[in-house]
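Chemist: dropping a prediction and its sequence here:
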Amino acid sequence: MLFDMGQLPADIRYKILTATVTPRPIAWVTTRSRDGGANAAPFSFFNVLGHEPPTVVLGLLRHPDKGLKDTAQNIVETREFVVHLVPHRMAEAMNATAVDAPAGVDETEIAGLETFPSQMVSPPLIRGCPVAFECRSLSVQETGPRQIAVIGEVVCAHVAEQFVIDAKRGHIDTIGLDLIARMHGSGWYASPRDLFQLVRPPPME
């Protein structure tokens, strides 16, 4: 079936995209406002873009009534954010920070999370996350009346020691991280199971 995206209501476009582009990694993002207030929220419109420089992208949607949400507003104003990757054991806490809270509310407190200072940016790190990327935005692009795309440079990466197999070679115990990903519909997630491996074809002569 052909779906002409330009002719569909926004909610149907959203359902088609989120039901098919799966699994999506989750960016559990912390930011700070200009007055220093902390904020945390998860986003699944997220991925890595490249490594020279190391870059990630966030797709951030506007609230239909309130405009830019705290995460987007803080990134626009301060240009700093931290992306955490979510282990299965912290799924409930991540979900708690997805609450539609009033501006200025620190979702890490709602979720009972402990935070500690980052090394190179102002937003805090969430204790217990096995991976975190401290980022500075390179570009904020308005891609529509209700959404922006943020491209951020990863200025430093934190990986919990127990998952680093060989630091010099950049080898990480990916399976051991036990990271969850976003799936389809309301509240569906996936964890790493049923993996398979393919050998990349050799270069053609």
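Modeler: Arrived safely.
Chemist: out of everything not next to it in sequence, what's closest to the spatially most central residue of the chain?
Modeler: Centroid-nearest residue in the chain, with C-alpha atoms, centre = their mean: Ala27, separated by 1.3 Å. Spatial nearest neighbour of Ala27, excluding adjacent residues (C-beta to C-beta, 6 or more residues apart in numbering): Phe46 at 3.8 Å. (Glycine included, C-beta is placed from N, CA and C.)
Chemist: what about that neighbour, neighbour count?
Modeler: Look at Phe46: counted by other C-beta atoms under 10 Å, it has 21 neighbours.
Chemist: same thing with Lys15?
Modeler: Neighbourhood size, Lys15 [other C-beta under 10 Å]: 14.
Chemist: name the element it belongs to?
Modeler: Using DSSP states H and E, Lys15 falls within helix 10-20.
Chemist: partners of the next helix or strand after that helix, with directions?
Modeler: Downstream of helix 10-20, the first helix or strand assigned by DSSP H and E is strand 24-25. Paired neighbours of strand 24-25 in the sheet (DSSP bridges): strand 181-182 (antiparallel).
Chemist: so what touches the partner strand?
Modeler: Strand 181-182 has contacts (C-beta atoms under 8 Å, 6 or more residues apart in numbering) with 18, 22-26, 44, 188-191.
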